[in-house]
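[1] Build me a model from this:
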Amino acid sequence: MNTLKALLPLPLLCAAAIGQSIAVFPDEYAAVPEGPFNSPNLPLAGGTSRVQCLYEAIDLAIPSGHQITKLGFRQDGTLTTTDLGRTINVEIRMGYSTFTAANVASNFDNNYAAPPVTVYPQQNYTLPPLHDVAVPLPNGQFFITLTTPFTYAPAAGQNLIVEYRIFGNSGGGTQWNYRLDRADYYSVVTNGPAGCPHSGGGTPNLTVQPTRPGLSYSASVTSGPGSAPCVLAINLGTQLQPPYPLTAVFAGINPACMGQISPFGLATLGGTTGTTGSASWSFSIPNNPAYADYHITSQGLFLDFFAPGGLVVSRGVDVLTGANPRSTIIRGNGAPTTVTTGSISRNYCPVAFFEHQ
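    The predicted structure follows:
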């Protein structure tokens with residue numbers, strides 16, 4: 001999405017100050033210190049293997065023509081157990097693909113649009129231990145410096161492939177737990193100012209859960225008037241509006257009851273609050289990329305015969321839907337010189353770092 005680069009952590013900003021920049025993939029994760037999952041052994045700790053990582057350009061904030069000089073990962077932040085490092089014998093190649101995370105195939109060579117570039121010739125690389133209190137990783141990250149920098153200049157419609165050809169490791173070539181931080185969808189929820197109080201003194205509080213295409217839009221309210229008819233007003237594709245008066249539409253309503261979503265093109269879901277003033281609503285979001293990075297705003301309206309104008313409202317809430325990580329990993333076990341196909345893990349993405357200049 002390339003929208004959050006201004007929120008890079010201080011160490012990344014320091015790198016930029018000396019001519020280096022670091023792009024995080026997915027790029028939203030420049031502002032997310034920890035993903036919700038971990039990757040137990042991909043891409044580096046799967047044993048003797050051939051591993052391709054496809055990264056869609058839409059989420060890779062590297063200016064065309066810049067040279068990628070280092071590749072990096074970070075340890076999973078929720079874990080405390082030390083994962084031992086091993087020395088791997090590895091070759092790294094980089095190139096482009098016309099495939100996406102959704103349709104990249106199992107044949108390694110066929111995924112390239114042109115022959116790849118060997119950016120790290122076959123040699124030993126010692127992976128550092130993760131969560132070692134005696135030797136902590138700076139910012140929980142480590143980097144592999146490329147022998148040959150890769151000039152990032154994809155043609156239109158091309159995405160980046162990084163291939164790790166692992167010929168063995170100091171653990172007999174077997175896989176082991178080396179748990180890296182793994183991304184999932186990133187969905188931003190923005191709350192408007194508080195609504196207005198009902199006759200019992202409480203103020204309806206609307207909350208909306210982060211979501212993405214293929215999941216549900218889920219909203220709930222607490223502290224509303226009890227056992228009251230209510231409506232969730234929904235606007236698709238628009239953001240929260242500056243609060244505006246509702247007195248022209250609902251005569252006598254408390255002036256503190258302000259509209260916060262666009263009144264044009266509204267859809268509504270009805271309901272009744274429970275005895276404690278709670279209610280919930282949900283609907284399915286089509287599993288279609290068109291609904292990724294998509295604003296959905298909502299606001300609750302509640303009948304209250306003893307409130308001014310007989311109506312109170314909640315705050316407005318805007319959820320920007322996320323997207324599955326636009327990355328896919330293909331892994332084939334065995335000697336990289338003989339392995340031609342692998343198993344596919346779609347939308348699977350250890351958080352990756354690309355230092356470039």
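
[2] If we go by neighbour counts, what in stretch 57-72 is buried?
    57, 59-62, 66, 68-72 (16 or more other C-beta atoms under 10 Å). From N, CA and C alone the C-beta is placed, and that goes for glycine too.

[3] among the residues you listed, which are in strands?
    66, 68-72 (DSSP state E).

[4] Tabulate these in TSV, adding columns for pLDDT.
    Converted to TSV, these look like this (pLDDT from 0 to 100):
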residue	pLDDT
H66	98
I68	98
T69	98
K70	98
L71	98
G72	98
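
[5] Given the helix or strand encompassing W281, what are its sheet partners and their directions?
    Assigning secondary structure by DSSP states H and E places W281 in strand 279-284. Counting by DSSP bridges, the strands paired with strand 279-284 are strand 216-222 (antiparallel).

[6] Can you name the next helix or strand after the strand it pairs with?
    Moving toward the C-terminus from strand 216-222, the next helix or strand (DSSP H and E) is strand 229-236.

[7] Next secondary structure after that following strand?
    strand 244-245.

[8] Which neighbours in the sheet does that following strand have, and how are they oriented?
    For strand 244-245, using DSSP bridges, the partner strands are strand 258-259 (antiparallel).

[9] farthest-separated two in the buried residues of stretch 57-72?
    Distance extremes for those: the farthest pair is D59 and T69 at 19.9 Å, using C-beta to C-beta.

[10] Roughly how far does the spatially closest residue to G316 that is not a sequence neighbour sit from F108?
    Using C-beta to C-beta, 6 or more residues apart in numbering and skipping the chain neighbours, the partner closest in space to G316 is Q260 (2.9 Å). Using C-beta to C-beta, to the nearest Å, Q260 is found at 51 Å from F108.

[11] And P229, by the same measure?
    60 Å.

[12] for F264, same thing?
    51 Å.

[13] Which of these two has more residues huddled nearby?
    Counted by other C-beta atoms under 10 Å, F264 and F108 do not tie: F108 has more neighbours, with 23 against 7.

[14] Look up the residues forming beta bridges with the closest residue in space to A30 that isn't next to it in sequence.
    Of all residues not flanking A30 in the chain, V24 sits nearest, at 4.5 Å (C-beta to C-beta, 6+ apart). Per DSSP bridges, the residues bridged to V24 are F353.

[15] Give me the pLDDT value at V24.
    Looking at V24, its pLDDT reads 98.

[16] same check, this time on A31
    Predicted confidence (pLDDT) for A31: 89.

[17] Please apply the same query to the one 10 residues further on.
    Confidence at N41, expressed as pLDDT, is 97.

[18] For N110, which three-state class applies?
    helix (DSSP: H, G, I helix; E, B strand; the rest coil).

[19] mind listing what H66 touches?
    H66 is in contact with 21, 151-152, 356-357, counting by C-beta atoms under 8 Å, 6 or more residues apart in numbering.

[20] what does G237 give?
    Applying C-beta under 8 Å, 6+ apart to G237 gives the contacts 294-296.

[21] I'd like those residues laid out as a markdown table, including pLDDT.
    Output for these, formatted as a markdown table (pLDDT from 0 to 100):
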| residue | pLDDT |
| --- | --- |
| Y294 | 97 |
| H295 | 98 |
| I296 | 98 |
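
[22] if you look at those, which of them are in helices?
    Counting by DSSP state H, none of the members of these fall within helices.

[23] Of these - the most surrounded one?
    I296 (23 neighbours).

[24] That residue and P210: what is the separation?
    11 Å.

[25] Which neighbours do these two have in common?
    V319.

[26] what bits of the stretch 1-150 of the chain have low per-residue confidence?
    1-19 (pLDDT under 70).

[27] where do the helices sit along it?
    10-17 (DSSP state H, counting those that start in this stretch).
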